[in-house]
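Q: Sequence and computational prediction follow.
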Amino acid sequence: RTRIFSGVKPTGHLTLGNYLGALRGWADEDQHRADALFCVVDLHALTVEHDPARVRRLSRQAATLLLAVGLDPRLCTVFVQSHVDEHTRLAYLMECTASDGEMRRMIQYKEKAERERVRGGSVRLSLLTYPALMAADILAYGTGEVPVGEDQAQHVELTRDLAVRFNQRYGQTFVVPKATVPKVAARVMDLQEPTSKMGKSHARTSGIVYLLDEPDVVRKKVMRAVTDTGSDVVYDRAERPGVANLLDILAACGAGEPAELAGEYDSYGALKKDTAEAVVELLRPVRERHAELVKDPEYVDSVLRDGAGRARAIARPRVDAAYRAVGLMPAV
Ligand code: AQP
């Protein structure tokens, strides 16, 4: 069976972008068709300024939401990255495989480093080396497919390069993975700034729909979404990004194809209203299940404990093999 690995960073409350770009596919398809592992990648949340208590809280919330969206521990493995040491063990070998130039070329590094500088803060070294840890996350499990939103495709490409390079230098050790990106809503845009990705760590929250937003909050955010000049509803991502984003979201809620949907509307108001209701309905079961799960933290703990054990057992032999392959002396 194909091995699948993917993760979510506890850098903020999970968003509609995370759900449509990643989580929904993990739950509805991936866990049924493959041997899948899904992870709260908490170490990645330390690459930018962070509040320890908040990261701890958000990690638990993210893990609970992974179950709330429908990941079933009988079908797949759900765990927290920092509970499995193999990730950091292998990350070091990935740092020894990558060049600093290829790390510096990563778009996410450039954007986030700039954000930190604008804030007047310093850029953590781990922000630069982040893709090495992400490559380790993926390669440790012999992953064949990495289901991600479009924004992560570049990091998966780098992971492929590192896997190939490592195998060439030290002998066949890693499976070379590929990214799989959903057909619709691979890049959900911010409702207030439809030329930027809806990102959970972004400061302005009015353009971000969180999975746990109350229905009225969702309605308000969608109804206040920035639309474009002109009033006719056409699907044009370059010229009409605001309206195209709403059409993408509505389509992803199961209403049809974005370009066809455009023809069904003659006002932005009606499009927003239908989109708002579709999103409210899409998220309703997730909120309900989350509310149930928070009442049972022992269950969530047991899933994570079990998940970490399974993950460790899969990762350890391959990481041990990689240590031997690069020339490290086995423990005596
Ligand atoms: N807007 C999005 N549209 C589609 N997919 C998205 N993903 C994230 N945003 C969108 C996908 O969700 C998975 C988990 O994302 P993540 O935790 O790595 O990143 P994030 O939500 O984008 O978090 P941040 O901290 O706010 O990061 P930046 O600042 O980079 O935006 C991934 O598969 C991702 O592709």
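A: Nice, I can see it. Numbers count the residues shown, from 1 in each chain.
Q: in the protein, what residue is nearest the ligand?
A: The chain approaches the ligand most closely through Gly21 (1.9 Å), counting by CB to the nearest ligand atom. Placement of C-beta: from N, CA and C, glycine included.
Q: Any regions of the protein where pLDDT drops low?
A: Along the chain, segments meeting pLDDT under 70 are nowhere present.
Q: Domain map for it?
A: When the chain is parsed with automatic domain parsing, its domains come out as 3-181+296-325, 215-291.
Q: Now tabulate those domains in TSV and tack on mean neighbour count.
A: Below are the domains of the chain laid out as TSV (neighbours: other CB atoms under 10 Å):
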stretch	mean neighbour count
domain 3-181+296-325	19
domain 215-291	18
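Q: Out of those domains, the one nearest Val188 is which?
A: Val188 lies closest to domain 3-181+296-325 among the domains of the chain, at 3.8 Å (CB to CB).
Q: Kindly check the end-to-end length of the closest one for me.
A: One end of domain 3-181+296-325 sits 22 Å from the other (CA to CA, to the nearest Å).
Q: Stretch 34-46 too?
A: With CA to CA as the measure, stretch 34-46 spans 30 Å from end to end.
Q: is stretch 197-208 up against the ligand anywhere?
A: Yes. Applying CB under 6 Å from any ligand atom, one finds stretch 197-208 touching the ligand at 197-201.
Q: Report the buried residues of that stretch.
A: For stretch 197-208, the neighbour count (16 or more other CB atoms under 10 Å) marks 197-202, 205, 207-208 as buried.
Q: pretty sure Ala259 is touching Val233, no?
A: No. The criterion here is CB atoms under 8 Å, and Ala259 misses it with Val233 at 10.6 Å.
Q: what is in contact with these two at once?
A: Both Ala259 and Val233 are contacted by Leu247, under the criterion CB atoms under 8 Å, 6 or more residues apart in numbering.
Q: Leaving out the residues flanking it, which one is nearest to Arg24?
A: Val69 (6.7 Å; CB to CB, 6 or more residues apart in numbering).
Q: right, and the one you found touches Val286 too?
A: Yes. Here Val69 reaches Val286: they are 5.5 Å apart, a contact under CB under 8 Å.
Q: Tell me the residues of the stretch 51-200 of the chain that contact the ligand?
A: Applying CB under 6 Å from any ligand atom, we find that the stretch 51-200 of the chain lies next to the ligand at 108, 148-149, 151-152, 186-188, 197-200.
Q: Out of those, which sit inside helices?
A: In this view, those that belong to helices under DSSP state H are Gln108.
Q: For Val78, state which of the residues of the stretch 51-200 of the chain next to the ligand is nearest.
A: Val148 (16.9 Å).
Q: Secondary structure element holding the nearest residue to that closest one once chain neighbours are set aside?
A: Leaving aside its sequence neighbours, Val148 sits nearest to Ala179 (CB to CB, 6+ apart; 5.6 Å). Per DSSP states H and E: Ala179 is located in strand 178-180.
Q: for this protein, what's the longest helix?
A: Determined from DSSP H, the single longest helix within the chain is helix 297-325.
Q: ok so, going back, could I get the residues of stretch 197-208 next to the ligand as TSV with distance to Thr159?
A: TSV is the format used below for the residues of stretch 197-208 next to the ligand (distance: CB to CB, whole Å):
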residue	distance to Thr159
Lys197	20
Met198	24
Gly199	21
Lys200	22
Ser201	22
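Q: Looking at the residues you listed, which one is closest to Ala251?
A: Among those, Met198 lies closest to Ala251 (CB to CB), at 15.7 Å.
Q: Quick one: residues contacting the closest one.
A: With contact set as CB under 8 Å, 6+ apart, Met198 has these partners: 15-17, 188-191, 207-209.
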